[in-house]
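Q: based on what follows, work out the 3D shape:
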Amino acid sequence: MSDTRDRTAALGAGVGHAHESEQHLAAIVDSSDDAIVSMNLEGTILTWNAAATRIYGYATDAAVGQKIDIVIPDDRLDEERDIRASIARGEPIEHYETVRQHKDGTLIEVSLSMSPVRGASGRIVAAAGFARDISERKLFQANQRIAAIVDNSDDAIVPRTSRTAPSRRGTRPRPGCTATPPTRP
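A: Coordinates of the predicted model:
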């Protein structure tokens, strides 16, 4: 009898530990800076973390049950179908840079990783997707390229906007420059 009680107590402790582990995992997913989304193989959203809400603008209750297409720009729908087909074949997608769309229509550059999710039978039943917003990194890289062009140019490069465009009146040619500014009638 004592042996049965010991096994029952051990089983109960194991269930408690499993529940605690599940809560711990849920907290990790919810506190991630990356959007973590799962969907079935037809593209219906099953889970949606807080970062997905921040990045894409849809609340969890508005996103779950919808097609993932709500965050896919129209010109990328074929890409998404290809990604789901790869997942269905068991092929993960790693650090794929692409574009997704915020609820307000703003395009967002993301690094996307997706993995197949297998059910108890071993059959692929869903996909887990991880998206990192890389818009700021892309902007920084573009600015670095522009700065390198300016730094390495032998010509004067002056930014021009409607507020800062220089007036042509009263300009003088630079030394060695023979061109004269156009005159206005």
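Q: what's the burial count for the nearest residue to Asp33 once chain neighbours are set aside?
A: Spatial nearest neighbour of Asp33, excluding adjacent residues (CB to CB, 6 or more residues apart in numbering): Ala51 at 5.7 Å. Every C-beta, even on glycine, is put in place using the N, C-alpha and C of the backbone. A count of nearby residues for Ala51, using other CB atoms under 10 Å, gives 21.
Q: the helix or strand containing Ala51 - contacts with which helices or strands?
A: Take DSSP states H and E as the rule and Ala51 turns out to sit in helix 50-56. Packing contacts for helix 50-56, counted by 3 or more CB pairs under 8 Å, 6 or more residues apart in numbering; DSSP states H and E, involve strand 35-40, helix 60-63, strand 93-101, strand 107-118, strand 124-133.
Q: can you put these in a markdown table and add mean pLDDT?
A: As requested, the helices and strands packed on helix 50-56 are exported to a markdown table (pLDDT from 0 to 100):
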| stretch | mean pLDDT |
| --- | --- |
| strand 35-40 | 96 |
| helix 60-63 | 96 |
| strand 93-101 | 95 |
| strand 107-118 | 96 |
| strand 124-133 | 96 |
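Q: next, format these as CSV and append distance to Pro73 and mean neighbour count.
A: Shown next, in CSV, are these (distance: least, CB to CB, whole Å; neighbours: other CB atoms under 10 Å):
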stretch, distance to Pro73, mean neighbour count
strand 35-40, 16, 20
helix 60-63, 17, 15
strand 93-101, 5, 15
strand 107-118, 6, 18
strand 124-133, 14, 20
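Q: how about stretch 128-136 as PDB, C-alpha atoms only?
A: C-alpha atoms of stretch 128-136 as PDB (Å, rounded to 0.1, in the frame of the first residue of the first chain):
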ATOM      1  CA  ALA A 128       6.000  27.800 -35.600                       C
ATOM      2  CA  GLY A 129       7.200  31.100 -36.900                       C
ATOM      3  CA  PHE A 130       9.600  33.600 -35.400                       C
ATOM      4  CA  ALA A 131       9.900  37.100 -36.900                       C
ATOM      5  CA  ARG A 132      12.400  39.800 -35.800                       C
ATOM      6  CA  ASP A 133      11.800  43.300 -36.900                       C
ATOM      7  CA  ILE A 134      15.000  44.400 -38.800                       C
ATOM      8  CA  SER A 135      13.700  47.700 -40.100                       C
ATOM      9  CA  GLU A 136      16.000  49.800 -37.900                       C
END
